[in-house]
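Novice: Got a predicted structure here, sequence first:
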Amino acid sequence: MRIFFALFIFFSVSAGAKAEDASQPLDACLDKAMSTAATMDCIGRDFERNDAELNRIYKTLLEKNSGEEDAKEIRGRLIESQRAWLKFRDTNCSWRGSVMLGGTGEKVIVSGCVNQMTIDRVKELKAD
């Protein structure tokens, strides 16, 4: 039952990514992955791309607010928000992975969750 639940969560995360055009390479990679290591490699490469995009947007927002009258306050709040979000993302995904505590599926679930939450954060920051 735990395995079924873990796979359900993993594929739910993957299905959520399907709505994002940029995830198509991830979906294709996951379709071909025949092992945990291959799955982790797919997610890892997609995460690197999404994390780089997150960092790019974050830096752009920091620079965008540098000329405003309240720039110091706005930048401070953005920095505080990002730090809190990173902690939440990591602890939330760790909790989600606990359904497969100690198994190889735990890393897959955690990595997929971190990647999906990063994609969602990119969308959120782009909206600003």
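Specialist: Sure thing, it's come through.
Novice: make it CA atoms for all contacts and neighbour counts henceforth
Specialist: Will do.
Novice: Could you count how many residues lie near residue 46?
Specialist: Residue 46 is flanked by 22 other residues according to other Cα atoms under 10 Å.
Novice: Can you name the element that comes right after the helix or strand of the chain with the lowest mean pLDDT?
Specialist: Least confident helix or strand of the chain, by mean pLDDT, DSSP states H and E, is helix 2-18 with a mean of 49. The helix or strand immediately downstream of helix 2-18 is helix 24-32, counting by DSSP states H and E.
Novice: What's the mean pLDDT across that next one?
Specialist: Averaging pLDDT along helix 24-32 gives 88.
Novice: okay, and for the protein, where does confidence drop off?
Specialist: The model of the chain has pLDDT under 70 over residues 1-23, 66-68.
Novice: which helix is the longest one in the chain?
Specialist: Using DSSP state H, we find that the single longest helix of the chain is helix 36-64.
Novice: Can you list the buried residues in that helix?
Specialist: Of the residues in helix 36-64, 39-44, 46-47, 50-51, 54, 57-58, 61-62 count as buried by neighbour count, 16 or more other Cα atoms under 10 Å.
Novice: One more: stretch 75-83?
Specialist: Neighbour counts over stretch 75-83 (16+ other Cα under 10 Å) mark 75, 78 as buried.
Novice: Figure out how far that stretch is from the centre of its chain.
Specialist: Centre-to-centre, stretch 75-83 and its host chain are 18 Å apart (Cα atoms, centre = their mean, to the nearest Å).
Novice: Next, the contact list for the residue at the greatest distance from the centre of the chain, please.
Specialist: Most distant residue from the mean C-alpha position of the chain: residue 69, 32.8 Å away (Cα atoms, centre = their mean). Contact criterion Cα atoms under 8 Å, 6 or more residues apart in numbering gives no residues in contact with residue 69.
Novice: Can you classify residue 95 by secondary structure?
Specialist: helix (DSSP: H, G, I helix; E, B strand; the rest coil).
Novice: That one: how many residues sit nearby?
Specialist: Using other Cα under 10 Å, residue 95 is surrounded by 15 other residues.
Novice: What of residue 25?
Specialist: Neighbours of residue 25 using other Cα under 10 Å come to 14.
Novice: and what of residue 126?
Specialist: Neighbour count for residue 126, taken as other Cα under 10 Å: 13.
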